[in-house]
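>>> Generate coordinates for the sequence data below:
(chains A, B, C and D)
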Number of protein chains: 2
Amino acid sequence: MNDVARVAGVSLGTVSHVLNKPEIVSAKTMARVTAAIDQLGFVRNDAARSLAAGRSNTIGMILTDVGNSLFVDIARGAEDAASSAGRSLLLANSDVTFTKQESYLDIFNEARVAGIILAPLDAGLDGVDRVRRHGRNIVLVNYAGDRTDCCSVVVDEEHGGYLAATHLMDIGRTRLLFAGGPQDLHAVNARREGARRAVRERGGSVSLDVVHSRNLKSSSGRSIAQDLITSGALPDGILAPADQLAAGLIHELTDAGISVPTDVAVIGYDNNQFASEAAIPMSTVSQPGHDMGREALRLLVDEIDNPRTHEHQRVTLQPTLIVRRSTTMPSPLRT
Amino acid sequence: MNDVARVAGVSLGTVSHVLNKPEIVSAKTMARVTAAIDQLGFVRNDAARSLAAGRSNTIGMILTDVGNSLFVDIARGAEDAASSAGRSLLLANSDVTFTKQESYLDIFNEARVAGIILAPLDAGLDGVDRVRRHGRNIVLVNYAGDRTDCCSVVVDEEHGGYLAATHLMDIGRTRLLFAGGPQDLHAVNARREGARRAVRERGGSVSLDVVHSRNLKSSSGRSIAQDLITSGALPDGILAPADQLAAGLIHELTDAGISVPTDVAVIGYDNNQFASEAAIPMSTVSQPGHDMGREALRLLVDEIDNPRTHEHQRVTLQPTLIVRRSTTMPSPLRT
DNA sequence: CTGAAAGCGCTTACAG
DNA sequence: CTGAAAGCGCTTACAG
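As a prediction, the model looks like this:
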């Protein structure tokens, strides 16, 4: 920047002004300085800028699992909102690992980012305290426990389960199974409760069984399906709290000659990319990932820009039902 | 850090030493300083550190498309290697958009990261020059054009096409079709050439037709399949240069009552997550994403640490064939 | 092994 | 509208 000032024949402060407050610089000076910048190929040193200004322009985002398209959607939403707001977004992948989440929190903290968007693991929100203690703004997305001391954007998981169960009952299924999922995942529990409520409200003779599994992967779906087949007591509608799990279920059922959806209708959760690509396109509950990311970034920027007037809030978005062939009676004639 | 020095009763420089060169500090001083750090909850300001040291500890990585699991694997590989090397990795998603790629390049350049790993678009490598002119280390991954002035990690795309075509011929297919893909994508062209070479080398009466498509999405696969069905001239083996495309093809063929793989064997490319989850698990060519990321980071760190002795090199990794049901004759009896 | 001091490249009141 | 100067929080030779 010194070089730029020399070449342009102005002072250091003036160069800084054309970069940060172009509106207070005269057109002539402006032109001289930008010419010098171009000529020299000058690129502002952001480390120095952050240090001098006491704040940075970039926002850090920590995703639970970039292999899950929900988080990719969230990142895209945040990215779109960030570029509209003139901020840059840097991503980190905690990869469902608590220590990685904590470590990235520290990295962003050391980098003095303007704020952090965290999609936290259920495992714990200790890091949030640590970061907030340093005055760093943080907003939680996708899961927020019961925290009210920072902004958060969550999805109504209970409603998602409710939607899925209601849909299965609407197509006439009466022996439902909520299949799989660890018992200690907040989202899974909420979805299960939503399904329970739907069945309760419907009344009548609809039953809802529950089985658990170690994780939400397709292998768990397969083993659940095998157990069902062995037991001989098949449900006629299955709710899986994840598309992967549902894919494993469908796979194994179909292989055993059990027809999906005729014998058993299956609905997943998350609307992952492959849900629509499968040979039996999968019904699912879709979470508004893009909106989640956008909202989270909006809240964060408000907190950064208006530290005095900002009030923490929890934004709850609604999931939507997506009906595909895995819960649709095949029509005798395809159009 | 001033506060830490005061509380510990040592000088500023000493605190810096315990953070950066713990081996030259006495045990007693070390203990006093770390105690003070804990007590104060001190977190080093990375902006100041980068500025004073003239270099940063973090590495920036720009991915073409985090929605594609290949890039997620690359990120994971780089992340693993980075944490072993004591560096932190920050991600950005160019989302197959050239302007975003350029903008992130500039952001990392402004941030004075220690180095950049770029998975570039075919669209152009201008930004690479701009960044290198500022002395920033950069390594290219997945695609490198013909650049030899920086390190790169690529996959032998031609060999991938060769593997796929050879496999189809090995299972007795003789009327092959290389289906889809824009004509201006380097990777697609190389895969097609590999397939051609395989057919040529095999000799005999195997034919290889080629059709193009606007993109690599499943909708393109569907429309290609429709055209084939309409024309009535079906191949008995199809190579698709992307799993998505293959999924669309399989979908549409199956819906029309054409059996995959009995009538038409289909092989995809990339080994995306959904390839194994599909109702007809898909054969595909797998790229070693994790290794690509790891290698790229290794090359970058070598360039950063040994600027004098470092020599640019291109590492070419080999893809592998993954055979699944979409190219396997179904056995009459399942075990 | 430790301390004092210069300097990294910016921003930002403050004068003018 | 522009310039001079202090200061952001560290690192790093250099003495001792």
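>>> Nearest spatial neighbour of the most centrally placed residue in chain A, chain-adjacent residues omitted?
Within chain A, the residue whose C-alpha comes closest to the C-alpha centroid is residue A:71; the distance, by C-alpha atoms, centre = their mean, is 3.9 Å. With C-beta to C-beta, 6 or more residues apart in numbering or on different chains as the criterion, residue A:71 has its nearest non-adjacent residue at 4.4 Å, and that residue is residue A:63. (Glycine included, C-beta is placed from N, CA and C.)
>>> What's opposite that neighbour in the beta bridge?
As for beta bridges, residue A:63 partners with residue A:93 under DSSP bridges.
>>> List the residues that contact it.
Taking C-beta atoms under 8 Å, 6 or more residues apart in numbering or on different chains as the definition of contact, the neighbours of residue A:63 are A:71, A:74, A:75, A:91, A:92, A:93, A:94, A:119.
>>> Whatever residue of the stretch 201-335 of chain A ends up closest to DNA strand D: neighbour count?
Of all residues in the stretch 201-335 of chain A, residue A:307 sits closest to DNA strand D, at 16.9 Å by C-beta to the nearest atom of the strand. When neighbours are counted by other C-beta atoms under 10 Å in any protein chain shown, residue A:307 registers 10.
>>> Let me know the secondary structure of it.
Recorded secondary structure, residue A:307: coil (DSSP: H, G, I helix; E, B strand; the rest coil).
>>> what about the residue nearest to the centre of chain A, helix or strand, and which?
Applying DSSP states H and E as the criterion places residue A:71 in helix A:69-84.
>>> I'd like to know which of the contacts of residue A:63 is nearest to chain B.
For the contacts of residue A:63, the residue nearest chain B by C-beta to the nearest C-beta is residue A:91; the value is 4.0 Å.
>>> so where's chain A uncertain?
A:330-335 (pLDDT under 70).
>>> Alongside DNA strand C, which residues does it contribute?
Counting by C-beta under 7 Å from any atom of the strand, the positions of chain A adjacent to DNA strand C are A:1-2, A:12-13, A:15-17, A:19-20, A:42, A:44-45, A:48-49, A:51-54.
>>> Give the buried subset of these as a PyMOL selection command.
Selection of buried members from those for PyMOL, criterion 16 or more other C-beta atoms under 10 Å in any protein chain shown:
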select buried, chain A and resi 1+15+16+17+19+42+44+45+48+49+51
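>>> Intersect the residues of chain A next to DNA strand C with the contacts of DNA strand D.
If you filter the residues of chain A next to DNA strand C for contact with DNA strand D, counting by C-beta under 7 Å from any atom of the strand, you are left with A:12, A:13, A:17, A:48, A:51, A:52, A:54.
>>> Surely the third one forms part of a strand?
No: under three-state DSSP, residue A:17 sits outside any strand and is assigned helix.
>>> That one contacts residue A:24, correct?
Yes: taking C-beta atoms under 8 Å as the contact criterion, residue A:17 and residue A:24 are neighbours in contact, 6.1 Å apart.
>>> circling back to that earlier point, the residue nearest to the centre of chain A reaches residue A:117, doesn't it?
No: with contact defined as C-beta under 8 Å, residue A:71 does not reach residue A:117; the gap is 11.1 Å.
>>> contacting residues for the residue nearest to the centre of chain A?
Residue A:71 sits in contact with A:63, A:64, A:65, A:119, A:142, A:289, where contact means C-beta under 8 Å, 6+ apart.
>>> Which residue comes closest to the fifth one once chain neighbours are left out?
Residue nearest to residue A:142 in three dimensions, not counting chain neighbours: residue A:119, with 4.6 Å by C-beta to C-beta, 6+ apart.
>>> quick one: which helix or strand includes the closest residue to DNA strand C within the stretch 51-200 of chain A?
Taking C-beta to the nearest atom of the strand, DNA strand C has its nearest neighbour within the stretch 51-200 of chain A at residue A:52, 3.0 Å off. When secondary structure is defined by DSSP H and E, residue A:52 falls within helix A:46-53.
>>> Report the angle between that helix and helix B:46-53.
Interaxial angle, helix A:46-53 versus helix B:46-53 (axes from the mean of the first three to the mean of the last three C-alpha atoms, to 10 degrees): 120 degrees.
>>> Quick check: residues of the stretch 101-250 of chain A near chain B?
If contact is defined as C-beta under 8 Å from any C-beta of the partner chain, the residues of the stretch 101-250 of chain A in contact with chain B are A:103-104, A:106-107, A:109-112, A:130, A:133-134, A:218, A:244, A:247-248, A:250.
>>> Tell me the one of the residues you listed nearest residue B:321?
Comparing those against residue B:321 with C-beta to C-beta places residue A:218 closest, at 22.1 Å.
>>> Give me the neighbour count for the closest residue to residue A:226 other than its chain neighbours.
When the adjacent residues along the chain are set aside, residue A:226 lies closest to residue A:252, with 6.1 Å between them (C-beta to C-beta, 6+ apart). Residue neighbour count, defined by other C-beta under 10 Å, stands at 21 for residue A:252.
>>> before we move on, what about residue A:166?
17.
>>> Going by secondary structure, it is in what exactly?
Residue A:166 belongs to helix A:157-170, assigned by DSSP H and E.
>>> Show me what that helix is packed against.
Other elements packing on helix A:157-170 under the criterion 3 or more C-beta pairs under 8 Å, 6 or more residues apart in numbering or on different chains; DSSP states H and E are strand A:175-179, helix A:186-202, strand A:237-239, strand A:265-267, strand A:284-286, strand A:320-322.
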